[in-house]
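J.: okay, structure incoming, though there's no sequence with it:
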């Protein structure tokens with residue numbers, strides 16, 4: 001793939017949108033059109049594909065009986081003609097104005113591009129309560145004639161313009177589908193936007209003139225989040241400012257939401273504001289494809305919409321001006337950057353894991369309510385222990401029935417062993433130490449494995465796996481002898497990469513960490529250290545030391561007492577693999593697409609060549625390891641992603657990854 005095309009977000013289905021609230025002169029179409037033009041020129045400079053302005057923006061919303069004046073009606077039409085003629089090429093704009101048709105006055109929005117009106121949408125629900133009296137001036141969309149082929153009008157110097165609430169504006173390639181509504185149309189119980197979304201609209205735009213009252217901005221915000229969340233779509237909201245202050249105040253709220261989250265929001269009471277964001281249309285399509293209930297709901301609520309095609313004003317990769325994204329790409333999608341949100345997330349996950357373990361324990365006979373954990377001094381086994389402590393305390397079970405077994409082997413260091421022992425003692429659990437070197441040496445001899453020769457030839461896999469199998473045998477044998485279950489410690493990231501020994505640390509009676517990615521494991525331990533054991537220094541100290549310990553399987557011999565086998569040195573940074581996992585597993589994105597997102601997320605941290613290198617490791621390990629994931633033990637899903645064969649990921653273990661590798665090859669090697 002050429003570098004220019006790779007760098008352009010449009011290549012991967014991103015559509016740049018804006019919401020704007022220009023300065024207004026109530027009842028003065030020319031000044032308002034000037035203000036709109038000025039704003040659109042700024043947005044064109046930012047290569048915005050689609051921009052949405054407020055309700056009745058050409059006249060102002062608060063004109064009152066001035067709407068009956070031919071000066072305003074004709075003047076707004078003339079100014080629309082000027083906007084259509086003078087708006088720069090490349091952008092599609094939505095503006096609001098009153099339109100007289102069949103002796104009825106409609107409150108409308110017009111979608112247009114340079115020299116062409118695409119369609120006109122009238123308002124359906126006219127508020128006529130409290131401070132609103134729209135029915136005094138306008139009629140609702142139901143007053144349009146019910147023609148079989150839909151209504152078309154001649155307006156602003158153009159003929160046969162589609163007119164109605166049944167319009168979808170569709171990009172030529174079919175990816176982007178836009179629907180328009182006006183203010184109150186989204187406030188009703190069953191908005192027309194819902195039918196449009198079910199008919200395929202993935203961008204729903206609302207032009208509004210909602211006045212300010214205390215708390216109303218939060219209501220609007222929640223409404224936009226709700227519609228975009230349930231509709232698996234993007235929502236653009238643009239409201240008016242600078243309206244008449246006779247009885248009301250206006251805040252000009254502008255928002256862009258996507259799939260239940262606010263991507264961008266403008267400052268309230270700021271005249272002439274605009275906001276820009278790139279909509280990830282590809283992920284919206286992916287979500288709808290995966291969520292079968294969306295299709296069922298669409299089938300049960302079918303409406304016929306006319307599709308109005310438009311051409312994008314820009315071609316992918318035609319120049320290098322659009323290098324970056326107008327949206328934040330989170331480098332750590334599983335770890336919230338906001339401390340308060342992270343604190344809440346850790347609490348929820350910790351309680352979720354503990355609750356799942358409590359259910360598992362409660363289903364067992366009382367004599368078997370005991371857990372066995374292979375405690376290594378690493379982060380995964382530490383998290384499993386902390387969850388077990390929480391579950392046992394809630395069930396009023398004695399902590400001595402949590403049996404932690406340290407099994408020092410060839411790669412165990414004094415520091416990791418000490419951290420494990422100190423933590424177990426501080427928490428008051430049963431601690432056993434069972435060395436494995438001698439038993440492993442017996443196994444080496446039994447299978448004819450010459451350790452010295454194998455190391456010289458670089459054949460260390462039997463050396464490593466035999467240790468993992470021995471440790472698992474000890475755990476299962478202990479659970480069988482004393483009664484209880486083996487609590488697995490492996491995390492989501494290890495399962496995705498297959499960085500676990502099949503039938504070794506891969507196996508347990510219950511995999512408590514199987515839904516927790518590695519990048520989050522560390523934060524969960526830190527959170528527990530600060531929030532649960534903050535006043536217990538004997539517990540907190542080893543927890544913080546464990547967090548600071550390099551991630552390792554601990555299977556190759558230590559050198560001078562130090563860890564030599566570091567997982568991230570072999571497979572690459574876990575933060576990259578967790579990033580790849582989110583976009584590959586959650587949305588099914590192409591490797592080249594994920595690489596572009598990754599480059600954006602990790603600006604100045606990873607070069608493209610590094611991203612490409614570790615992406616290859618990710619793909620090869622992911623596809624070659626499905627046989628391990630196909631038989632993982634029970635374990636709780638705690639986030640949006642699971643690789644359980646009984647849940648999110650049902651993949652054949654012999655699937656050919658050649659097509660994915662060909663796509664990987666399209667990633668450029670470097671940026672000039």
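T.: All right, it came through fine. Note that the coordinates shown come from a computational prediction; the quantities given were computed from them, not determined experimentally.
J.: tell me the confidence at residue 320?
T.: Residue 320 is assigned 46 on the pLDDT scale.
J.: same check on residue 554?
T.: Residue 554 is given a pLDDT of 80.
J.: same question, residue 271
T.: Reported pLDDT for residue 271: 88.
J.: okay, the nearest residue to it once chain neighbours are set aside: pLDDT?
T.: Nearest residue to residue 271, sequence neighbours excluded (CB to CB, 6 or more residues apart in numbering): residue 23, at 5.0 Å. To be clear about C-beta, it is placed using only N, CA and C from the backbone, and glycine gets the same treatment. On the pLDDT scale, residue 23 is placed at 92.
J.: could you look up the SS state of residue 23?
T.: Using DSSP: H, G, I helix; E, B strand; the rest coil, the structure places residue 23 in coil.
J.: mean confidence for stretch 106-116?
T.: Regarding stretch 106-116, the rounded mean pLDDT is 97.
J.: closest to the centroid, which residue in the protein?
T.: residue 333 (7.2 Å; CA atoms, centre = their mean).
J.: isn't that residue right up against residue 580?
T.: No: at 10.3 Å, residue 333 does not count as touching residue 580 under the criterion of CB atoms under 8 Å.
J.: contacting residues around residue 90?
T.: If you count contacts by CB atoms under 8 Å, 6 or more residues apart in numbering, residue 90 has them with 44, 47, 49, 114, 313-314.
J.: which residue sits closest to residue 433, ignoring its sequence neighbours?
T.: Per CB to CB, 6+ apart, closest to residue 433 is residue 406, 4.9 Å.
J.: could you chop this structure up by domain?
T.: For the chain, automatic domain parsing gives the domain ranges 16-310, 339-665.
J.: export these to TSV and tack on distance to residue 2?
T.: As requested, the domains of the chain are exported to TSV (distance: least, CB to CB, whole Å):
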stretch	distance to residue 2
domain 16-310	19
domain 339-665	12
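J.: measure the closest residue to residue 633 other than its chain neighbours to residue 360 for me?
T.: Leaving out its chain neighbours, the residue that sits closest to residue 633 by CB to CB, 6+ apart is residue 511, at 4.6 Å. According to CB to CB, to the nearest Å, residue 511 and residue 360 sit 11 Å apart.
J.: can you give me the strands for the stretch 101-250 of the chain?
T.: All strands of the stretch 101-250 of the chain, identified by DSSP state E, counting those that start in this stretch, fall at 104-113, 116-122, 151-155, 158-163, 167-171, 177-182, 203-207, 234-238.
J.: just put the ones you listed in TSV and tack on distance to residue 623 and mean neighbour count.
T.: TSV is the format used below for these (distance: least, CB to CB, whole Å; neighbours: other CB atoms under 10 Å):
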stretch	distance to residue 623	mean neighbour count
strand 104-113	44	22
strand 116-122	45	22
strand 151-155	53	17
strand 158-163	48	16
strand 167-171	33	21
strand 177-182	34	27
strand 203-207	34	29
strand 234-238	32	30
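J.: and of those, who's closest to residue 479?
T.: strand 234-238 (50.7 Å; CB to CB).
J.: show me what the closest one is packed against.
T.: strand 14-21, strand 50-52, strand 203-207, helix 216-230, strand 254-258 (3 or more CB pairs under 8 Å, 6 or more residues apart in numbering; DSSP states H and E).
J.: so for residue 572, which of these sits nearest?
T.: Nearest to residue 572 among those is strand 14-21 (26.3 Å), distances taken as CB to CB.
J.: for the closest one, enumerate its sheet partners and note whether each is parallel or antiparallel.
T.: Sheet pairing of strand 14-21 (DSSP bridges) gives strand 50-52 (parallel), strand 273-280 (antiparallel).
J.: tabulate the ones you listed (CSV), appending mean neighbour count and distance to residue 549.
T.: As requested, the strands paired with strand 14-21 are exported to CSV (neighbours: other CB atoms under 10 Å; distance: least, CB to CB, whole Å):
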stretch, mean neighbour count, distance to residue 549
strand 50-52, 28, 50
strand 273-280, 24, 37
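J.: using JSON lines, please lay out the ones you listed together with distance to residue 529.
T.: Formatted as JSON lines, the strands paired with strand 14-21 follow (distance: least, CB to CB, whole Å):
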{"stretch": "strand 50-52", "distance to residue 529": "47"}
{"stretch": "strand 273-280", "distance to residue 529": "36"}
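J.: the nearest residue to residue 101 once chain neighbours are set aside and residue 324, how far apart?
T.: Leaving aside its chain neighbours, residue 101 sits nearest to residue 153 (5.8 Å; criterion: CB to CB, 6+ apart). According to CB to CB, residue 153 stands 41 Å off from residue 324.
J.: neighbours around the residue nearest to residue 242 when sequence neighbours are not counted, how many?
T.: Excluding the flanking residues, the one nearest residue 242 by CB to CB, 6+ apart is residue 24, at 3.9 Å. By other CB atoms under 10 Å, the residues close to residue 24 number 29.
J.: how close does residue 24 sit to residue 422?
T.: Residue 24 sits at a distance of 68 Å from residue 422 (criterion: CB to CB).
J.: what about residue 86, neighbour count?
T.: 14.
J.: ditto for the one 3 residues further on
T.: When counting by other CB under 10 Å, one arrives at 10 neighbours for residue 89.
J.: thinking again about what came up before, dump the contacts of residue 90 to a markdown table, plus distance to residue 263 and neighbour count.
T.: Output for the contacts of residue 90, formatted as a markdown table (distance: CB to CB, whole Å; neighbours: other CB atoms under 10 Å):
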| residue | distance to residue 263 | neighbour count |
| --- | --- | --- |
| 44 | 21 | 18 |
| 47 | 17 | 19 |
| 49 | 15 | 23 |
| 114 | 27 | 17 |
| 313 | 21 | 17 |
| 314 | 20 | 19 |
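J.: and the residues you listed as a markdown table, adding distance to residue 85?
T.: Listed next are the contacts of residue 90 as a markdown table, based on distance: CB to CB, whole Å:
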| residue | distance to residue 85 |
| --- | --- |
| 44 | 15 |
| 47 | 21 |
| 49 | 20 |
| 114 | 8 |
| 313 | 16 |
| 314 | 21 |
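J.: now the two most distant members of these.
T.: Maximum distance among those (CB to CB): 14.7 Å, for 47 and 114.
J.: which residues are in contact with residue 556?
T.: Residue 556 neighbours (CB under 8 Å, 6+ apart): 410-411, 460, 463-464, 564-565.
J.: give me the contacts around stretch 561-573.
T.: So stretch 561-573 is contacted by 411, 413-416, 497, 499, 549-558, 574, 577, 606, 613-614, 617-618, 621 (CB under 8 Å, 6+ apart).
J.: in helices, which of those appear?
T.: Residues from these lying in helices, with DSSP state H as the criterion: 414-416, 497, 574, 577, 613-614, 617-618, 621.
J.: could you flag which of the residues you listed are buried?
T.: 415-416, 497, 574, 577, 614, 617-618, 621 (16 or more other CB atoms under 10 Å).
J.: so which pair among those is furthest apart in space?
T.: Most distant of these, by CB to CB, are 415 and 618, 30.0 Å apart.
J.: and the residue nearest to residue 101, what are its bridge partners?
T.: Assigned bridge partners for residue 153, using DSSP bridges, are residue 161.
J.: how near is it to residue 373?
T.: Separation of residue 153 from residue 373 (CB to CB): 73 Å.
J.: then residue 234?
T.: From residue 234 to residue 373 the distance is 45 Å (CB to CB).
J.: same check on residue 462?
T.: 26 Å.
J.: between those two, which has more neighbouring residues?
T.: Taking neighbours as other CB under 10 Å, residue 462 and residue 373 compare with residue 373 leading, 25 against 14.
J.: the more buried one contacts residue 385, correct?
T.: Yes: counting by CB under 8 Å, residue 373 touches residue 385, with 5.6 Å between them.
J.: how about residue 658, what does it touch?
T.: Contact partners of residue 658, counting by CB under 8 Å, 6+ apart, are absent.
J.: and the pLDDT at it?
T.: On the pLDDT scale, residue 658 gets 97.
J.: tally up the residues packed near residue 355, please.
T.: Neighbours around residue 355, by other CB under 10 Å: 15.
J.: ok, which of the domains of the chain comes nearest residue 1?
T.: Residue 1 lies closest to domain 339-665 among the domains of the chain, at 6.2 Å (CB to CB).
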